[in-house]
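*Asks:* just the structure for this:
(2 chains)
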2 protein chains.
Amino acid sequence: MNADKIPDIIIGRLPIYLRALQRLSDKGVQTTSSQDLGERVGISAAQIRKDISQFGEFGKQGTGYSIAFLLERLREILKVDRIWDVALVGAGDMGHALAHYQGFANRGFSIVMVFDNDPKKVGQQVGKFTIKDTNTMVEEIRSAGVKVAMLTVPAAAAQDVADRLVQAGVKAILNYAPVSINVPSEVRVQHIDPATHMQRMTYYL
Amino acid sequence: MNADKIPDIIIGRLPIYLRALQRLSDKGVQTTSSQDLGERVGISAAQIRKDISQFGEFGKQGTGYSIAFLLERLREILKVDRIWDVALVGAGDMGHALAHYQGFANRGFSIVMVFDNDPKKVGQQVGKFTIKDTNTMVEEIRSAGVKVAMLTVPAAAAQDVADRLVQAGVKAILNYAPVSINVPSEVRVQHIDPATHMQRMTYYL
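*Replies:* Below is the predicted model of the structure:
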């Protein structure tokens, strides 16, 4: 099993399986099948079996998957069997929503610092965080060893902030700014832009 | 050119091209190449040429693409050469952030109504909207002919709200609830869940 050899499209489906399995587990369900899981996530049972089999043997024909075991293995594979500290940059509306977001609990992430470059915001509270000045961002992130960041700054500022996050040692950036950012190949970026997601749907209307 | 024959993965890249072209256009740039565009969006020039050629002839070897023309055609293809009215359901932190979001301007979408089921929120203002009761949602959406919705309700409520959106005639749902939702095959769903996006990156760390 070589991590580099698993296509990214498969990796992209694992968090969806993990989320559905967590939900089943929360309800007290102990086993599931690729058929049942597939109906829950809108992916074919055959695809799910194929994806999961990339990582070893998880279920027996006819008996299904142990949810607890599959959850544990998926968390290991995705490296969310630990908690990643996250730096949030940009304390606008979206930054506030993320700082208050309850959905990271038990999913591997914890926001630990919030930055903004607006002197009027620096020093204010957002949720349990005191907003820090982006001037101190590189030092703070580097000395805390934070590797994951969320970027909720305006498009015009995104590349500059991304450059500084990379300089600070960040290796994964969730980018909410509505613009592509360029980073070295060892740094991962995922984009969340509601307009592009919606444009992908209107094509079919 | 048969819409059904273009793979969805290509459709998914078109909004990224559109966004980058819009940004170039805003800066006053008039032509671009697949090479230049590729560097901006992190996609190979060959892939961009192949994707765009699915929809006809857009540029000549050596002279590049006319940005204005490509913008116009991409907007037509993605059907965002018009403005889609959008219903927002869920006036929590994320709903507030979306109601205030400036990024929809010129990208084909306009939020026109906001719903919540919390009696304490109904009647209050969020941005320029008065929050309406979800009890009236199906009638209001249907009579206004709204086809696009954003769902920012808790996971436990998402399927029920999605069912009612479908009943109201909605054909495209941007789902922020951290759960998969099941809809008829003629309805499109895109999911935005920051935790799944981040889990897709931590795999590589």
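
*Asks:* in chain A, what helix or strand scores lowest on average pLDDT?
*Replies:* Least confident helix or strand, chain A: strand A:59-60 with a mean of 68, by mean pLDDT, DSSP states H and E.

*Asks:* show me where pLDDT drops low in chain A?
*Replies:* For chain A, the stretches flagged by pLDDT under 70 are A:1-4, A:59-61.

*Asks:* most distant residue from the centre of it?
*Replies:* A:Gly62 (32.9 Å; C-alpha atoms, centre = their mean).

*Asks:* for stretch A:158-178, which residues meet the burial criterion?
*Replies:* Going by neighbour count (16 or more other C-beta atoms under 10 Å in any protein chain shown), the buried part of stretch A:158-178 is A:158-159, A:161-162, A:164-166, A:168, A:170-178. (Glycine included, C-beta is placed from N, CA and C.)

*Asks:* against chain B, which of the residues you listed make the cut? List them.
*Replies:* With C-beta under 8 Å from any C-beta of the partner chain as the criterion, the buried residues of stretch A:158-178 include A:171-172, A:174, A:178 near chain B.

*Asks:* I'd like the distance from whichever helix in chain A runs longest to the chain centre, please.
*Replies:* In chain A, assigned by DSSP state H, the helix with the most residues is helix A:8-26. Relative to the centre of its chain, helix A:8-26 is centred 12 Å away, using C-alpha atoms, centre = their mean, to the nearest Å.

*Asks:* could you do stretch A:170-180 as well?
*Replies:* Per C-alpha atoms, centre = their mean, the centroid offset for stretch A:170-180 relative to its chain is 11 Å.

*Asks:* helix or strand: which one has the closest residue to A:Gln167 other than its chain neighbours?
*Replies:* In space, and not counting its chain neighbours, A:Gln167 is closest to A:Val138: 5.6 Å by C-beta to C-beta, 6 or more residues apart in numbering or on different chains. Secondary structure assignment for A:Val138, by DSSP states H and E: helix A:137-144.

*Asks:* returning to what we had before: show me what secondary structure element comes after the least confident helix or strand of chain A.
*Replies:* strand A:64-66.

*Asks:* so the residue nearest in space to the middle of chain A: helix, strand or coil?
*Replies:* Residue closest to the average C-alpha location in chain A (C-alpha atoms, centre = their mean): A:Leu174, at 7.0 Å. Under the three-state scheme (DSSP: H, G, I helix; E, B strand; the rest coil), A:Leu174 adopts strand.

*Asks:* same question for A:Gln102.
*Replies:* A:Gln102 ends up coil, using three-state DSSP.

*Asks:* please report how far it lies from B:Ile67.
*Replies:* 42 Å (C-beta to C-beta, to the nearest Å).

*Asks:* repeat that for A:Pro15.
*Replies:* 36 Å.

*Asks:* with adjacent residues omitted, what lies nearest to A:Ile11?
*Replies:* B:Tyr203 (5.1 Å).

*Asks:* you'd agree the one you found is up against A:Gly12?
*Replies:* No: counting by C-beta atoms under 8 Å, B:Tyr203 stays clear of A:Gly12, with 9.3 Å between them.

*Asks:* how many neighbours does A:Asp93 have?
*Replies:* 19 (other C-beta atoms under 10 Å in any protein chain shown).

*Asks:* for it, which residues are in contact?
*Replies:* For A:Asp93, the contact set (C-beta atoms under 8 Å, 6 or more residues apart in numbering or on different chains) comprises B:96-97, B:100-101.

*Asks:* could you rerun that using 6 Å?
*Replies:* B:97, B:100 (C-beta atoms under 6 Å, 6 or more residues apart in numbering or on different chains).

*Asks:* and for A:Ser53?
*Replies:* Taking C-beta under 6 Å, 6+ apart as the definition, A:Ser53 has no contacts.

*Asks:* how much space separates it from B:Gln102?
*Replies:* Counting by C-beta to C-beta, the gap from A:Ser53 to B:Gln102 is 45 Å.

*Asks:* next: A:Lys27.
*Replies:* A:Lys27 is 39 Å from B:Gln102, by C-beta to C-beta.
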